[in-house]
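Chemist: One predicted model, sequence on top.
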Amino acid sequence: MNMTEFSKKHVDSCRFCWMCHHICPIGNATGQERNTARARALGISLVNRDAIALEEIIDNIYECATCSACAHTCVTGWDPVLFTREARLKAALAGALPEYINILIDNCLDTGNAYGKEDISPELKEIISKHGEKTDTLLWLGTDARYMAPAQGINAVRVMEKYAPSFTVLEDEPDCGTHLDFLIGTAEETKNIMQSAADIMNNYTKVVIFDPADAKTIKRAFGEMGIELSCEAVTFTSFLAPLAKGEKTLRDAAIQDAFQLSRELGETEPIREIVSKYAYIREFLLNGEETVWAGNILMSRYMGRVIKKVAEMRISNAESIGAKYIITESVGEYVSLKSVKQDKIGIIALENLILGEY
Ligand code: SF4
Ligand code: SF4
């Protein structure tokens with residue numbers, strides 16, 4: 001594989017190292033060595049040396065959530081996300097992707113979302129239509145909320161109605177590139193989608209980003225891809241932190257930090273500021289920047305059983321600290337945690353907490 005020398009250095013440093021194997025949410029869910037940063041690096045190093053074909057390890061390349069827990073814990077500064085993402089891009093350019101990934105990519109290009117959905121729910125459409133007029137502030141819902149978790153999209157709009165004087169929501173909001181960035185990294189197609197989204201955002205003074213996965217894309221990946229934003233991009237949580245008001249009633253609520261906010265953007269306090277207005281917080285042992293990813297919707301499309309196990313393990317983390325509730329800030333993690341049938345831990349999305357509906 002024609003990998004950059006920079007990535008090869010990371011691959012060759014990780015391939016015989018064992019130090020972060022305990023931290024990977026996928027590896028811990030499957031219990032398999034193949035789901036460690038080390039094993040992925042070893043496979044890629046063999047491809048780099050023409051010992052095996054990329055197709056032989058391509059499934060494994062897509063078993064990484066790119067949650068960066070391994071890179072965060074690495075004392076020597078190596079980054080498995082870097083080479084995993086580059087391997088995906090090289091596989092796409094070489095036509096070596098598995099069919100189940102090609103379908104998701106085609107969906108992104110054809111319908112603007114990886115799920116291939118052509119329309120949003122009538123209820124979401126109705127509430128969005130009340131905010132169609134152009135204002136200074138744009139609420140960016142994101143494809144997961146729009147197509148796969150419309151109740152969360154509706155509740156995000158309702159929370160904004162409580163605290164923002166006026167704002168706009170787009171009925172035809174496009175993809176901002178989050179899914180394509182995950183699937184094929186920095187390809188030209190990803191950049192084009194990001195640029196189209198940025199062109200729309202730049203018509204506003206401020207963009208409030210509901211989904212943490214999109215926040216990482218807009219606030220970080222856009223810049224890395226050379227896409228300029230002239231508007232102020234703020235996360236839903238940082239926008240609401242100084243505004244939200246409520247009664248502190250809930251006890252033993254653990255915060256499920258979205259890694260995109262806590263690790264990638266260094267934002268850990270806004271969610272605590274909000275949740276502490278409604279609940280007494282009981283922190284996970286691994287919280288904030290050290291958070292453990294609890295699953296998403298996209299990966300559950302092709303490795304559903306593993307993603308459910310990832311969510312089950314996070315719920316069991318909550319039980320072990322005596323928490324009664326998990327409060328989520330990520331749409332994907334909320335859907336993933338809710339998919340587990342259990343009655344010990346209440347799963348509450350932040351927007352539901354603020355609305356008092358749980
Ligand atoms: S990221 Fe660091 S700790 Fe993990 S395998 Fe690579 S070198 Fe080892
Ligand atoms: S990025 Fe996350 S899912 Fe991927 S190897 Fe590292 S810890 Fe595991």
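Modeler: Alright, I've got the coordinates. Numbers count the residues shown, from 1 in each chain. Ligands and ions are numbered 1, 2, ... in the order given.

Chemist: Other residues contacting the lengthiest strand in the chain?
Modeler: For the chain, the longest strand by residue count, based on DSSP state E, is strand 250-256. By CB atoms under 8 Å, 6 or more residues apart in numbering, the residues outside strand 250-256 that reach it are 271-272, 275, 278-284, 287, 291, 294, 314, 318, 321-330, 333, 337, 348, 353. Backbone N, C-alpha and C define where each C-beta goes, glycine included.

Chemist: likewise stretch 176-192?
Modeler: Here stretch 176-192 has contacts from 66, 85-86, 88-89, 92-93, 97, 101, 104-105, 108-109, 113-114, 140, 142-143, 193-194, 197, 211, 213-214, 216-218, 221, 224-227, 298, using CB under 8 Å, 6+ apart.

Chemist: what residues does this structure put near ligand 1?
Modeler: 13-14, 17, 19-20, 37-38, 70-71, 74, 76, 78, 80 (CB under 6 Å from any ligand atom).

Chemist: ok, of those, which come out buried?
Modeler: 13-14, 17, 20, 37-38, 70-71, 74, 78, 80 (16 or more other CB atoms under 10 Å).

Chemist: can you pull out the helices in the stretch 201-350 of the chain?
Modeler: 212-216, 222-224, 236-240, 259, 269-278, 297-300, 304-320, 331-338, 350-355 (DSSP state H, counting those that start in this stretch).

Chemist: follow-up on the earlier one: quick check: angle from the longest strand of the chain to helix 304-320?
Modeler: 140 degrees (axes from the mean of the first three to the mean of the last three CA atoms, to 10 degrees).

Chemist: what angle separates strand 250-256 from helix 331-338?
Modeler: 120 degrees.

Chemist: which parts of strand 250-256 are buried?
Modeler: Within strand 250-256, the residues scored as buried using 16+ other CB under 10 Å are 250, 252-256.

Chemist: Show me the contact partners of the following helix or strand past it.
Modeler: Later in the chain than strand 250-256, the nearest helix or strand by DSSP states H and E is helix 259. Applying CB under 8 Å, 6+ apart, the set of residues contacting helix 259 from outside is 67-69, 291, 293.

Chemist: pLDDT of helix 259, averaged?
Modeler: Averaging pLDDT along helix 259 yields 98.

Chemist: Most neighbours out of the contacts of helix 259, which is it?
Modeler: Trp293 (28 neighbours; other CB atoms under 10 Å).

Chemist: Spatially, and excluding backbone neighbours, which residue is closest to it.
Modeler: Cys67 (4.1 Å; CB to CB, 6 or more residues apart in numbering).

Chemist: before we move on, back to that, for ligand 2, tell me which of the contacts of helix 259 show up nearby.
Modeler: Within the contacts of helix 259, those near ligand 2 by CB under 6 Å from any ligand atom are 67-69.

Chemist: correct me, but Met313 touches Gly27?
Modeler: No - the pair Met313 / Gly27 is not scored as a contact, 10.9 Å apart, by CB atoms under 8 Å.

Chemist: which one of those two has more residues nearby?
Modeler: Gly27 (23 against 16).

Chemist: Surely that one is in contact with Arg38?
Modeler: No - with contacts counted by CB under 8 Å, Gly27 stays clear of Arg38, the gap being 9.5 Å.

Chemist: Mutual contacts of those two, please.
Modeler: Residues touching both Gly27 and Arg38 (CB under 8 Å, 6+ apart) are His21.

Chemist: Distance of the spatially most central residue of the chain relative to ligand 1?
Modeler: Centroid-nearest residue in the chain, with CA atoms, centre = their mean: Ala213, separated by 3.5 Å. The gap separating Ala213 from ligand 1 is 22 Å, by CB to the nearest ligand atom, to the nearest Å.

Chemist: okay, that residue: pLDDT?
Modeler: pLDDT at Ala213 comes out at 98.

Chemist: check contacts around it.
Modeler: Ala213 touches 142, 144, 178, 258, 260, 296, 330-332, counting by CB under 8 Å, 6+ apart.

Chemist: Val340: neighbour count?
Modeler: Val340 has 19 nearby residues by other CB under 10 Å.

Chemist: Report the closest residue of the stretch 251-358 of the chain relative to ligand 1.
Modeler: Here the stretch 251-358 of the chain gets closest to ligand 1 at one residue, Arg263, 13.7 Å apart by CB to the nearest ligand atom.

Chemist: Next one: that residue from Asp211, what distance?
Modeler: For Arg263, the distance to Asp211 (CB to CB, to the nearest Å) stands at 16 Å.

Chemist: do the same with Ala96
Modeler: Applying CB to CB to Ala96 and Asp211 gives a distance of 30 Å.
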